[in-house]
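J.: when you get a sec, could you give me coordinates for this:
(chains A and B)
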Amino acid sequence: KAGVTQTPRYLIKTRGQQVTLSCSPISGHRSVSWYQQTPGQGLQFLFEYFSETQRNKGNFPGRFSGRQFSNSRSEMNVSTLELGDSALYLCASSPKTGAISTQYFGPGTRLTVL
Amino acid sequence: EDQVTQSPEALRLQEGESSSLNCSYTVSGLRGLFWYRQDPGKGPEFLFTLYSAGEEKEKERLKATLTKKESFLHITAPKPEDSATYLCAVTSGGSNYKLTFGKGTLLTVNP
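T.: This is a model prediction of the structure:
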């Protein structure tokens, strides 16, 4: 079974621009979560989607948003990029939500903001 | 709010030298504790899930244990290919099932 895929793998943007990252979950997985990983803060939860609905949200500003499509694929968007948004953005999928379900991570998208 | 602390931050071992990594947690109603391994430039790779105190799980040279306050990842006779960052995460009913991660332990195994 194919794993979680994320595109693009690397991205360079300048301050003020916006960016959209894409995630395709493992086949049959309906829950998708997004995390930001930086050297200083580690892995931090952004949000989780299940059946096209945001079920949970972390402590990030409104510039960070996401959505999920009917085929469970998900996108996250960051508007008005800041230098501090440079990070590895990780997507994770799991079979279900509302229960303890292991999350499987993709390879991540490395975003650099100049 | 859930909190996870991992120690040590970094650990350097000789090949064959067994050791343990620690993960201390504070949660409101633990639902699950997860161990992941992360290699440089890659996403975390799932290792174990532990649900209740006293539970143990093993995989090759790794063994994870869980108490009411902490978890240990024991590495027996490590090899250089075990070098990676090991991440611990918890989920609780109070967190609505999101994962809260520790900062990780960077393990280096020298041949």
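J.: which phi and psi does B:D82 have?
T.: In terms of degrees, to the nearest 10, the main-chain angles of B:D82 are phi -80, psi -10.
J.: quick one: the strands in chain B?
T.: Under the criterion DSSP state E, chain B contains strands at B:3-7, B:10-14, B:19-26, B:30-38, B:45-50, B:56-59, B:62-66, B:70-75, B:84-92, B:100-101, B:105-110.
J.: which ones are touching B:L50?
T.: B:G32, B:L33, B:F34, B:W35, B:E56, B:K57, B:A64, B:T65, B:L66, B:S71 (Cβ atoms under 8 Å, 6 or more residues apart in numbering or on different chains). For every residue, glycine as well, the C-beta is placed using N, CA and C.
J.: if we use 10 Å, what do you get?
T.: B:30, B:32-35, B:56-57, B:64-67, B:71, B:90 (Cβ atoms under 10 Å, 6 or more residues apart in numbering or on different chains).
J.: closest one of those residues to chain A?
T.: Closest approach between these and chain A, by Cβ to the nearest Cβ: B:G32, at 4.4 Å.
J.: the closest one contacts B:D2, correct?
T.: No - counting by Cβ atoms under 10 Å, B:G32 stays clear of B:D2, with 11.5 Å between them.
J.: between these two, what contacts are shared?
T.: B:A89, B:V90, B:T91, B:S92, B:L99.
J.: just curious, which of those residues is nearest to B:P8?
T.: B:A89 (17.9 Å; Cβ to Cβ).
J.: now for that closest one: which residues touch it?
T.: A:35, A:43, A:45, A:103, B:2, B:4, B:23, B:25, B:32-36, B:44, B:49, B:98-102.
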